[in-house]
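Colleague: Just to be clear, the model below is a prediction. Sequence and coordinates:
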Amino acid sequence: MSVVSQTSEVILVADDNPDALFMVQSMLDLLGFAAECVENGRIACERAMTQRYRCILMDIEMPEMDGLAAARTIRDAEQAEGGIFTPILGMTGHTDTGTRVLCERAGMSGVLLKPFLISNLEEKLAEIG
C-alpha cells in the first residue's frame, strides 16, 4: 500500500486512553487543528499509509502495536515510498532518558511528556513545522 502524497492539516492522534484522546483532541481544536483519533498503533499505521497528516502524536504504550513499533513501521513505509517524512511525536509519562532514546531510535521527531499543557503541545508543533 502506498503512502498518499498530499499533506493535510489533520493531525493523527494514537492513544488507547479515551480521556487522553479527548484532551489532546480538545487542545488541537483550540490550536486550530483537526484531529483524527485512533486507539492503537496498528490502526495508526493503516491510516498513515492511506492519508498524509501534518504530524502524528503517538502514545508509546498501546495494545496491539505500541507507538515505538508503529513509528518504525511508518518510517519503513515512508522510506520505501521515497522518503516522504511525517513528523511523529511520542507521548509518554516516562521521564527517563532511556525512553527518549527509544523514541529517537524508532524514528520519532520528539517527545511530549504526559501530562502536558497546551503550551507544550503548541511549542512541539512549532518545532516540527
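Modeller: Looks like it came in fine. Numbering: from 1, shown residues only.
Colleague: Give me the contacts around stretch 39-51.
Modeller: When contacts are defined by C-beta atoms under 8 Å, 6 or more residues apart in numbering, stretch 39-51 is touched by residues 1-4, 8, 10, 12, 14-16, 18, 21, 36, 38, 53, 56, 58, 62-67, 69-70, 73-74, 77, 86. Glycine gets a C-beta too; all of them are placed from N, C-alpha and C.
Colleague: are any of those buried, and which?
Modeller: The neighbour-count criterion (16 or more other C-beta atoms under 10 Å) marks 3, 10, 12, 14-16, 21, 36, 38, 53, 56, 58, 62, 65-67, 69-70, 73-74, 77, 86 among those as buried.
Colleague: In helices, which of the contacts of stretch 39-51 fall?
Modeller: Pro18, Leu21, Gly67, Ala69, Ala70, Thr73, Ile74, Ala77 (DSSP state H).
Colleague: In contact with the fifth one: list those residues for me.
Modeller: Looking back up the chat, that one is Ala70. Shown in contact with Ala70 (C-beta under 8 Å, 6+ apart): Ala14, Gly41, Arg42, Ala44, Cys45, Met58, Met62.
Colleague: Okay, buried residues for whichever strand or helix holds the fifth one please.
Modeller: Same thing as Cys45. Element membership of Cys45, judged by DSSP states H and E, is helix 41-50. Across helix 41-50, burial judged by 16+ other C-beta under 10 Å covers Gly41, Arg42, Ile43, Ala44, Cys45, Arg47, Ala48, Met49.
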